[in-house]
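# got a predicted structure here, sequence first:
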There are 2 protein chains.
Amino acid sequence: MESRLWRKGGAMLPDPAHLAALDAADPLAHARARFRLPPDLVYLDGNSLGPLPASLPGRMAAAVAQEWGEGLIRSWNEAGWIDLPVQLGAAIAPIVGAEPAAVVACDSVSINLFKLASAALAMRPGRRTILMEADDFPTDAYVMQGLAGLADVQVRRVPRAHLLAALDGDVALLLLAHVHYVSGAVHDMAAMSAAATSAGALSLWDLSHSAGALALALDADGADFAVGCGYKYLNGGPGAPAFAYMARRHWQAAEPALTGWMGHAAPFDFAGDYVPAPGARRLLTGTPPILAMRALEAGIGCFDGIPLADAEAKSRQLVQLFARYAQGLPGVTVADPGPGRHGAHLIIRHPAARRVMAALIARGVIGDMRPPDVMRFGFPALTTRYADIGTALAALASVLRSGEWQDARFAPRGMVS
Amino acid sequence: MESRLWRKGGAMLPDPAHLAALDAADPLAHARARFRLPPDLVYLDGNSLGPLPASLPGRMAAAVAQEWGEGLIRSWNEAGWIDLPVQLGAAIAPIVGAEPAAVVACDSVSINLFKLASAALAMRPGRRTILMEADDFPTDAYVMQGLAGLADVQVRRVPRAHLLAALDGDVALLLLAHVHYVSGAVHDMAAMSAAATSAGALSLWDLSHSAGALALALDADGADFAVGCGYKYLNGGPGAPAFAYMARRHWQAAEPALTGWMGHAAPFDFAGDYVPAPGARRLLTGTPPILAMRALEAGIGCFDGIPLADAEAKSRQLVQLFARYAQGLPGVTVADPGPGRHGAHLIIRHPAARRVMAALIARGVIGDMRPPDVMRFGFPALTTRYADIGTALAALASVLRSGEWQDARFAPRGMVS
């Protein structure tokens, strides 16, 4: 390994020739051509907002001018608009290891969490606790707090190590993020789902930082419910529709409290009382956002023929490479991602993370930050080149060594997860 | 009036010269150029899906290629993405008679109904009834039924004439559609809001069929809460984001049970507990759908400089003209819209409404239908010409007289409200 290190102004950086060789041998290297990426940028924030699919500008222009402009209301049937939530759900299904009819594309992660958690509470009427991990992404906690107030249950948040012990007979629902949005730590979905089942609880998985990044097996792992994000690794565009999963064994019993006419068994009968549609389609609520759905469709299409196991392996290698060299840089703390499963992003701590990241972005390397001291870099397998690691590390080394991050202009505003 | 009628093959139709004179004198005639409409079509379904704003193809191309493709994550700040829900809310506000900060653009009508109704229930803790009109748009009832199950309250649906009598001391919330989606009947917002207030209840108005069609005055009329649709008269595109309104007097007390990180007081602090943002911003939940927001922005922009009172007056005249001549056609029943306030759409009943509408669409005149026997025609003031009334009536007369609607090919599938 040491032969692959070389000195550049005092910092250890990976050998460009070695990175080039890794790119040349990368079986996923061709996938980058499916996107439009600015040539002068190293974009390590596809975990927060995936890049633009190359097919979308033309596809969106047609959706706007022909489907909407010319087809008008007729396009609900003639352009297949009405089927998009189910059709895109079926397209997402293989990415998350689910049967096609178990997934629908709709609403946002927050909204979908509420739907599925409310269904779970109704399926476990005697139990009064929603259990979650203490420092998971805030929206998950906010949504559960709101639901808990309405349904008169409690939200219990415990550290990861205490989750199993907390799975007692009062837990109706175990809500977990599969990949942690900061640390990148991965839960064992099969083990935790089984633990929930053993405790008489239901499991709800937030796949925001794993869908499209890691090989998932919702059906095989025994997950009960799941939600995931359309705009991160699925490349569906800013604020893209999310998705929701419901295991087949719950298709009859699970009834979300948050409904709407598109989830009705017969929406165009305009019946007075709600009757849930069969299966996961009951997770639909209002009229689907068609233009956003067309963008998500293009993003999902970028996964055609991509084995998720290959994507996970490549991202893990990128994360490990970046971590190994970053830990030699001044002033930073790098958590060792370890040899096992890890999300496709890595965090590096620095007391002035916000300013360092701003200085890095000014040099054309884009990551993001999470308060107070975390810089986060994502390595989606479809778009990240091994050479990008070298470029990013060199820029980070320069920013840290020069002290340019202390310049007054590097006080950015918040960025979006 | 009789001098304006002329016979054409047995049916009374309006005089084309008279219609041309009305178009020539129409102060809103210029607004049609703000849209792209197929030249060979008479589109009387803008009440279900508004037409394409002419500015959008270029605007959307820029949002996709530049804002997303080149700006990537930076566009949340640099392209102002993060402000769009509040900014578009402020742009919608004058259309619905509200102060700018009382409105946000977000989610769907269904989701926004749930948020505001849950807030209302929490503000009236001793009361256990949600009161609504018996035959309002189904999604409103479905959403309330779901919420009622979770919050352990009842939904009571009574005919319009019984609403005031049903406003008893158990009613927490009065939910009304301002314009009825079928009949076009209009509630007196000031009177019904005052009645709710007098009964100790809160009012929630569904403006789906009135926002952008009628002159509204949410603030002045004393409405407590409101929701409305982005894709009908606001021309925001298929499944556009909806909007939600919260009167200033409730900005502190109203706390929706359905939340998310974008409604947090400090979303980018990633705090563990939910603290609602000030005012209507707390109605935001997940990450806003940017591409859909750009389309809605273009749709709202078409109202620049349009007095809503003029729009309402023009649509009323179109509705009355259409009703007057349609009632002479064979086999139809036309409800008299009367001389007072009425929605910008009209229904015509025919036992074979579905087939008649399909035949009409085949002739290039687009309306929609609602089971079992309703044909619905919308007359948005920004895009409908008086001459369109003549063309549509002539086509309808031909379809009904010829009996061509009995042809087997006219058995359409459901269309979307």
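Arrived safely.

# for the residue nearest to the spatial centre of chain A, which residues are in contact?
Centroid-nearest residue in chain A, with Cα atoms, centre = their mean: residue A:208, separated by 2.7 Å. Residues in contact with residue A:208 (Cβ atoms under 8 Å, 6 or more residues apart in numbering or on different chains) are A:109, A:137, A:177, A:179, A:181, A:227-229, A:232. For the C-beta atoms, the positions are set from N, CA and C on the backbone; glycine is no exception.

# and if we set it to 10 Å?
Residue A:208 makes contacts with A:47, A:109, A:136-137, A:139-140, A:177-179, A:181, A:227-233, A:242, A:417, as judged by Cβ atoms under 10 Å, 6 or more residues apart in numbering or on different chains.

# identify the residues contacting the residue of the stretch 101-250 of chain A at minimum distance from chain B.
For the stretch 101-250 of chain A, the residue closest to chain B is residue A:108, as judged by Cβ to the nearest Cβ, at 2.8 Å. Neighbour list for residue A:108: A:114, A:139, A:143, A:227, A:229-231, A:239-242, B:106-107, B:111, B:260-262, B:285-289 [criterion: Cβ under 10 Å, 6+ apart].

# ok, now residue A:95?
Going by Cβ under 10 Å, 6+ apart, residue A:95 touches A:103, A:207, A:211-216, A:228, A:233-234, A:243, A:300, A:303, A:306, A:308, A:311.

# among the residues you listed, which are in helices?
Counting by DSSP state H, those place A:300, A:308, A:311 in helices.

# show me which of these is closest to residue B:336.
If you rank these by distance to residue B:336 using Cβ to Cβ, residue A:300 comes first, at 50.8 Å.

# hmm, back to that, from residue A:99, how far off is the residue of the stretch 101-250 of chain A closest to chain B?
Plainly put, residue A:108 is 24 Å away from residue A:99 if you go by Cβ to Cβ, to the nearest Å.

# show me the helices in the stretch 1-150 of chain A, by range?
Per DSSP state H, counting those that start in this stretch, the stretch 1-150 of chain A carries helices over the ranges A:16-25, A:56-62, A:75-78, A:84-96, A:109-123, A:138-151.

# buried deepest among the ones you listed, which one?
helix A:109-123 (a mean of 26; mean count of other Cβ atoms under 10 Å in any protein chain shown).

# may I have that helix exported as PDB, CA atoms only?
Listed next in PDB are the C-alpha coordinates belonging to helix A:109-123 (Å, rounded to 0.1, in the frame of the first residue of the first chain):
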ATOM      1  CA  VAL A 109     -40.000  11.000   2.700                       C
ATOM      2  CA  SER A 110     -41.600  13.000   5.600                       C
ATOM      3  CA  ILE A 111     -45.200  12.400   4.300                       C
ATOM      4  CA  ASN A 112     -44.500   8.700   3.600                       C
ATOM      5  CA  LEU A 113     -43.100   8.200   7.100                       C
ATOM      6  CA  PHE A 114     -46.300   9.500   8.500                       C
ATOM      7  CA  LYS A 115     -48.500   7.300   6.400                       C
ATOM      8  CA  LEU A 116     -46.600   4.100   7.200                       C
ATOM      9  CA  ALA A 117     -46.100   4.800  10.900                       C
ATOM     10  CA  SER A 118     -49.800   5.600  11.300                       C
ATOM     11  CA  ALA A 119     -50.600   2.300   9.600                       C
ATOM     12  CA  ALA A 120     -48.300   0.500  12.000                       C
ATOM     13  CA  LEU A 121     -49.800   2.100  15.100                       C
ATOM     14  CA  ALA A 122     -53.200   0.900  14.000                       C
ATOM     15  CA  MET A 123     -51.900  -2.600  13.500                       C
END
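
# angle of that helix against helix B:109-123?
Put simply, helix A:109-123 runs at 60 degrees to helix B:109-123, going by axes from the mean of the first three to the mean of the last three Cα atoms, to 10 degrees.
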